[in-house]
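1. Next one to model:
(one chain, ligands or ions: 1)
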Amino acid sequence: MNSPDPDHAGTTHFGFREVPTAQKQKLVGEVFSSVAAKYDLMNDAMSLGIHRVWKRYFVATAQVRKGDRILDLAGGTGDIAALLRERVGQTGELVLGDINGEMLRVGRDRMTNRGNVRGFEYVQCNAEALPFPDASFDLVTIAFGLRNVTDKDAGLREMYRVLKVGGQARVLEFSEVKADWFKPIYDFHSFKVLPKLGKLFAGDADSYQYLAESIRQHPPQDILKSMMETAGFARCDYKNLSAGIVAIHTGYKV
Ligand code: SAM
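-> Residues are numbered from 1 along each chain as shown. Here you go, the predicted model:
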């Protein structure tokens, strides 16, 4: 499990490689800078479009009221923020936070092309040290992002800190597949098919090899739940989707 100390000394994993902890952020940055332009196309190709269903469910079941102020961390190209806009209404405020300027730029352009301008803010930031005051959001979401954060405990603590009392945090992330019969098929898809799709569509096999490896290194359902409890969240729970290919974790600030 990934739990490096906060000052980023020592080593951590980058996929299956052990790297100096201080280097991981740069390596993850290179992955997303490389794939930013083709990121959306690749998501559809890799998951046969199922990521859209997971994201819709993630947003549809979120605790949202009209007019809420929401932070979508690791917001990337904006899929979650676009769905949240439908729920939060025109009076709501959506902040997309992402460490990678290129992913944010693609997200902002997509959002603007869809007419989603008012009420959106784009902030380049590291999930481990958020540039927002305490208790400033009604809901904090992170989808397919926590896996890439070097110090996940710090990321969770920051999500807790910026949440208002009564607010909800939601994590959508790849998790541990629970159906034994499906595991060999999933492994074949992850390690044999994904890098080839990455090469074909994005000209980059390595980034998609990293994706498959990083999923296997991510804390499974119960461990992530206890990490959220340690970060301060109450009433933590999770729900597996597609036999645990992904899980939605929730927690509240009380
Ligand atoms: N949430 C989007 C989605 O579901 O399509 C994008 C997910 S993408 C797989 C992961 C995103 O996490 C990338 O945009 C990457 O730049 C961002 N990211 C990685 N490490 C981060 C960090 N420490 N802080 C904030 N964002 C980070």
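2. wait, what's in contact with residue 179?
-> Counting by Cβ atoms under 8 Å, 6 or more residues apart in numbering, residue 179 makes contact with 243, 244. To be clear about C-beta, it is placed using only N, CA and C from the backbone, and glycine gets the same treatment.
3. Check what pLDDT it gets.
-> Looking at residue 179, its pLDDT stands at 94.
4. Phi and psi next, for it.
-> Per-residue torsions, residue 179: phi -90, psi 110 (degrees, to the nearest 10).
5. Now the closest residue to the ligand within the chain: closest residue in space that isn't a chain neighbour?
-> Evaluated by Cβ to the nearest ligand atom, the chain has residue 76 as its residue closest to the ligand, separated by 2.6 Å. What sits nearest to residue 76 in space, not counting adjacent residues and going by Cβ to Cβ, 6 or more residues apart in numbering, is residue 103, at 4.6 Å.
6. doesn't residue 78 make contact with that neighbour?
-> No: with contacts counted by Cβ atoms under 8 Å, residue 103 stays clear of residue 78, the gap being 9.1 Å.
7. before we move on, back to that, quick one: the residue of the chain closest to the ligand and residue 148 touch, right?
-> No: counting by Cβ under 8 Å, residue 76 does not reach residue 148; the two are 10.1 Å apart.
8. At which residues are the helices of the stretch 101-250 of the chain located?
-> 101-113, 152-162, 183-188, 194-202, 205-217, 221-231 (DSSP state H, counting those that start in this stretch).
9. Angles on the backbone of the closest residue to residue 164 other than its chain neighbours, please.
-> What sits nearest to residue 164 in space, not counting adjacent residues and going by Cβ to Cβ, 6+ apart, is residue 135, at 4.7 Å. Residue 135 has phi and psi values of phi 50, psi 50 when expressed as degrees, to the nearest 10.
10. per-residue pLDDT, residue 135?
-> Value for residue 135, per-residue pLDDT: 98.
11. For it, list the residues it contacts.
-> 161, 162, 163, 164, 165.
12. Make a markdown table from those residues and add distance to residue 199 to it.
-> Converted to a markdown table, the contacts of residue 135 look like this (distance: Cβ to Cβ, whole Å):
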| residue | distance to residue 199 |
| --- | --- |
| 161 | 41 |
| 162 | 39 |
| 163 | 40 |
| 164 | 45 |
| 165 | 48 |
